[in-house]
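Novice: structure for the following, please:
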Amino acid sequence: MLGVAPSALVALIDELEARGAVQRTVDAADRRRSAIAITDSGRDLLTAAMEAGAKVDDELLAGIPPSDRAVLHRLLATVADHAGVLPG
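Specialist: Down below sits the predicted model:
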């Protein structure tokens, strides 16, 4: 569903939990399941990552006019869709 192997997802959540970015709560009805919630620290981390990503995008695409950027975005979205990659 996410295009990530379950073992890799568990490792990612473990790392985020260790950094205080998410909190894991075991389901009382089924201890095999956990709910994952983002923390305030996680929101801050996400905001910083999105801002850094936007800055890199702007730097990489600085010489491309906005109309061409829109075409590039649509083309890359089509490639991602055909590859089964989730947009994001």
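
Novice: longest helix anywhere in the chain?
Specialist: Longest helix in the chain by number of residues (criterion: DSSP state H): helix 40-60.

Novice: now it: buried residues?
Specialist: Residues Gly42, Leu45 are the ones in helix 40-60 that count as buried (16 or more other CB atoms under 10 Å). In short, each C-beta sits where N, CA and C put it, glycine included.

Novice: quick check: what element follows it along the chain?
Specialist: As assigned by DSSP states H and E, the chain's next helix or strand after helix 40-60 is helix 66-83.

Novice: taking helix 66-83 as reference, get the angle to the longest helix of the chain.
Specialist: 120 degrees (axes from the mean of the first three to the mean of the last three CA atoms, to 10 degrees).

Novice: helix or strand for the most far-flung residue of the chain relative to its centre, which one?
Specialist: The outermost residue of the chain, judged against the average C-alpha position, is Ala29 (28.8 Å), by CA atoms, centre = their mean. Using DSSP H and E, Ala29 falls within no helix or strand.

Novice: tell me the secondary structure at Val85.
Specialist: coil (DSSP: H, G, I helix; E, B strand; the rest coil).

Novice: please shift the residue numbers so they start at 553 in all later answers.
Specialist: Renumbered: residue one is now 553, and that last one reads Val637.

Novice: for Ala563, see how far away it is.
Specialist: From Val637 across to Ala563, the span is 20 Å (CB to CB, to the nearest Å).
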